[in-house]
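S.K.: coords please:
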Amino acid sequence: MGVYRETRNIEASLIEKIENILTENKWNNVEVVKSFARAYSIPINPDEKTAVICIRVGVTTHNSIEVGSDSTFRKPLLLIDLFASSDGQKEDLTDTLVAELKKGWDYTEYTIADGAVESRVRNGKIQVSSSTIAPINFDIDKDQLLPHDRYRNLITLNCIKNSVEE
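M.R.: Reported below is the predicted structural model:
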């Protein structure tokens, strides 16, 4: 049995939230992963309207709650790479994710046993203080790119985990 630490809990909480958004908005053929290697191993097929979302935790800042205290608020930069099968899908999926994620979501602490989630305990919220959408454009003909790289966006979320870390 293992207990995830804060960064892995943030990743898992974000994955769970995105999967719920996809289900609630009836997005099919979209997978959520944590690594570029996994993202590029999943085929992008325009006929099947497949897409991949890869999440990462970037730079994390720890702000002291008061002078002289070791207690901090965690402020992670969350990176969401979107690999779509068309320009329209890229734009629609990006707008759906940003509209829902900007509301924030539960921070969940996970316990894992035998490779599966054994328990989930909600322990705070992840709040989004700002977001940015950046198209990933390689400035060459899309036909010369891998299918994954033809229709991409990078969504960045500056976040605050609203519980104090001792």
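S.K.: can you name the next helix or strand after the lengthiest helix in the chain?
M.R.: Among all segments of the chain classified by DSSP state H, the helix with the greatest residue count is helix 6-24. Moving toward the C-terminus from helix 6-24, the first helix or strand encountered (DSSP states H and E) is strand 30-33.
S.K.: pull out the buried residues from whichever helix or strand comes after that next one.
M.R.: Where DSSP H and E defines the elements, the next helix or strand beyond strand 30-33 is helix 36-41. Neighbour counts over helix 36-41 (16 or more other Cβ atoms under 10 Å) mark 39-40 as buried. Using the backbone N, CA and C atoms, a C-beta is placed for each residue, glycine as well.
S.K.: okay, angle between the helix or strand following helix 36-41 and helix 6-24 too, please.
M.R.: Counting by DSSP H and E, the next helix or strand C-terminal to helix 36-41 is strand 51-64. For strand 51-64 and helix 6-24, the angle between their directions (axes from the mean of the first three to the mean of the last three Cα atoms, to 10 degrees) works out to 140 degrees.
S.K.: return the set of buried residues in the helix or strand harbouring Arg120.
M.R.: In the assignment (DSSP H and E), Arg120 maps to strand 116-136. Buried residues in strand 116-136, counted by 16+ other Cβ under 10 Å: 124-128, 131.
S.K.: need the contact list for Asn158.
M.R.: Contacts for Asn158 (Cβ atoms under 8 Å, 6 or more residues apart in numbering) come out as 75, 77, 128-131.
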